[in-house]
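>>> sequence and computational prediction follow.
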Amino acid sequence: MSLLGSSQNSPEAAEVGPDLADNVRQSVDEHGDVLTVRPYRDDGDTRAAKQLLTAIHDVKSSDGIRSTNQTPPVAFEPTYADEAISYRFAPVDEHVLEELERLVPNFYRDADVQRVPAEFLPIQEGQYLAAARLELADDNYFKPIKHFEIDPEEFETDPYGAIIPEMIGRREGGDNVSTMVQVLIRPAWSNHPRDRKNWYHGVDKTAERLKKGEVGWRPSAALEGFATALTGGNGEEIEHTKQRPTTSAQKQAADVVGNQRGEKGYHLNVRVIAVANSPEEAEERVQDTAGMYRRFYTSTYEQGFEPIWAGPDGATTLVRRMARREWVDREMILSASALAGVCHVPTTLATPEIDYSRTSGSGSTPSEAPAFESFQEAEGEESK
């Protein structure tokens, strides 16, 4: 039986013992450096995130005819701890860290990007830990989640504008809580000589179904089939899929999905953990944060994220994997454009807990300092 079973209706917290706390600290110490990103306000958007994901996409494979994808993963980790929101990239591979160190400033030009010793969520003995991971609601990963190329108006407000407040929880009178989302990504084959190995193989069929208006199974079909069997009817006449009239939005989605052929893609893990002094607060933070991923990214095409809640044993297993940035294949793949809505550094949120950079990358002038022309005008007034 899985430690994180879909039959569980909510997360169940585990008490942090000395072994778990020590194990997490040891894993963090062994990790090496990570890259912290303090964004500059209004610097970069989801298009910049897509460009970054495309730039760092590099599949490393084993030798031989039956080569396998050996690319080490990269973790993107929005974190709320010590009453502040922070963002970091935590690659497992040193070369990937160096590449990110060069490339992140190209797409978040005025961000403060620093290499620092590995960080994680503060976990202390006697606290309580809750956890969840996310799966795709439909195992056809070509079906689109909500993303900016199909639903641009949905991204006028950054998705993390809804997610970050759930990570924070109550600002007054709340328990001592820390929350972290780990988006673990691993490049998928996009230019393998054998087309069947490329992540987008078969995408044309999904695009065609979207264009025709087929969006999924009819939930009542199974009941109708059961009733038909009892009465001796013909089950072949039951409509198992539901159709909607083809709309311009569906045609647009079909085009975007079809155009994923040749695009960079990523295997994906998404994990959510929270640590607090009480089990109730840890469970609430995980449930609300993971629930917001489900609510925001679910599209009209019946694709989105579904939380898989962890019990006490599953929570401790998951946090150990997260501390090691350990990859587990969940059979989730997203194109770089779809992933950009999930894996990006927010730069437009008006949240006091966000640690924005106070200087631009091109100089040392504080972002809120008056412009040079203002000083000239003030001096002119004084000389009159």
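Structure received.

>>> now the helices for the stretch 1-150 of the chain?
Counting by DSSP state H, counting those that start in this stretch, the stretch 1-150 of the chain has helices at residues 18-31, 46-55, 94-107.

>>> deepest-packed of those helices, please.
helix 46-55 (a mean of 20; mean count of other Cβ atoms under 10 Å). Quick note: C-beta positions are derived from backbone N, CA and C, even for glycine.

>>> hmm, who's touching that helix?
With contact meaning Cβ atoms under 8 Å, 6 or more residues apart in numbering, helix 46-55 is reached by 103-104, 106-108, 147-148, 155, 185, 264, 266, 336-337, 339-341, 343-345.

>>> so which of the helices of the stretch 1-150 of the chain gets nearest residue 66?
helix 94-107 (24.7 Å; Cβ to Cβ).

>>> quick one: average pLDDT of that closest one?
Mean pLDDT, helix 94-107: 94.

>>> okay if I get the helices of the stretch 1-150 of the chain as TSV plus distance to residue 113?
Shown next, in TSV, are the helices of the stretch 1-150 of the chain (distance: least, Cβ to Cβ, whole Å):
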stretch	distance to residue 113
helix 18-31	18
helix 46-55	12
helix 94-107	5
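
>>> so, low pLDDT: which residues of the stretch 1-150 of the chain?
The stretch 1-150 of the chain contains residues with pLDDT under 70 at 1-7, 64-65.

>>> ok so, going back, so for residue 292, which of the helices of the stretch 1-150 of the chain sits nearest?
helix 46-55 (17.3 Å).

>>> residues of stretch 260-272 that come out buried?
260-261, 263-272 (16 or more other Cβ atoms under 10 Å).

>>> my guess is residue 304 contacts residue 297. True?
Yes. Counting by Cβ atoms under 8 Å, residue 297 is a contact partner of residue 304 at 4.9 Å.

>>> shared neighbours, those two?
With Cβ under 8 Å, 6+ apart, residue 304 and residue 297 have common neighbours 145-146.

>>> who has more neighbours, these two?
Remark: of residue 304 and residue 297, residue 297 carries more neighbours, 24 against 20, as counted by other Cβ atoms under 10 Å.

>>> ok, which stretches of the protein are strands?
Secondary structure of the chain (DSSP state E): strands located at 14-15, 33-38, 74-81, 84-91, 112-117, 128-136, 177-188, 214-217, 241-243, 265-276, 305-309, 333-335.

>>> how about those in TSV, adding distance to residue 358?
Listed next are these as TSV, based on distance: least, Cβ to Cβ, whole Å:
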stretch	distance to residue 358
strand 14-15	39
strand 33-38	9
strand 74-81	20
strand 84-91	14
strand 112-117	8
strand 128-136	34
strand 177-188	24
strand 214-217	47
strand 241-243	53
strand 265-276	29
strand 305-309	34
strand 333-335	33
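
>>> of those strands, which is nearest residue 26?
Closest to residue 26 of those is strand 112-117 (Cβ to Cβ; 13.8 Å).

>>> mind giving me the packing neighbours of that closest one?
Here strand 112-117 touches strand 33-38, helix 94-107, going by 3 or more Cβ pairs under 8 Å, 6 or more residues apart in numbering; DSSP states H and E.

>>> rerun that using 6 Å as the cut-off
strand 33-38 (3 or more Cβ pairs under 6 Å, 6 or more residues apart in numbering; DSSP states H and E).

>>> show me what the strand it packs on packs onto, helices and strands only.
strand 84-91, strand 112-117.

>>> got a pLDDT number for residue 382?
44.

>>> mind checking how far residue 350 is from residue 164?
11 Å (Cβ to Cβ, to the nearest Å).

>>> comparing these two, which residue is more hemmed in?
More crowded of residue 350 and residue 164, by other Cβ under 10 Å: residue 164, with 22 against 7.

>>> show me the contacts for that one.
Under the criterion of Cβ atoms under 6 Å, 6 or more residues apart in numbering, the neighbours of residue 164 are 85, 351.

>>> for residue 114, same thing?
Contacts of residue 114 were listed using Cβ under 6 Å, 6+ apart, and they are residue 36.

>>> so what pairs up with it in the strands?
On the basis of DSSP bridges, residue 114 is bridged to residue 36.

>>> one more: residue 77?
Under the criterion used (DSSP bridges), residue 77 bridges to residue 88.

>>> that one is in contact with residue 182, isn't it?
Yes. Assessed by Cβ atoms under 6 Å, residue 77 is found in contact with residue 182 at 5.2 Å.

>>> what's the burial count for residue 87?
Neighbour tally, residue 87, other Cβ under 10 Å: 21.

>>> need the winner for burial among the helices and strands packed on strand 33-38.
The highest average neighbour count among the helices and strands packed on strand 33-38, using mean count of other Cβ under 10 Å, belongs to strand 84-91 at a mean of 21.

>>> what is that one packed up against?
Using 3+ Cβ pairs under 6 Å, 6+ apart as the test, strand 84-91 ends up in contact with strand 33-38, strand 74-81.

>>> other residues contacting the shortest one?
Residues outside strand 33-38 that contact it (Cβ under 6 Å, 6+ apart): 87-90, 100, 111-116, 118, 345, 355, 357.

>>> that strand to strand 84-91, inter-axis angle?
With axes from the mean of the first three to the mean of the last three Cα atoms, to 10 degrees defining the directions, strand 33-38 sits at 140 degrees from strand 84-91.
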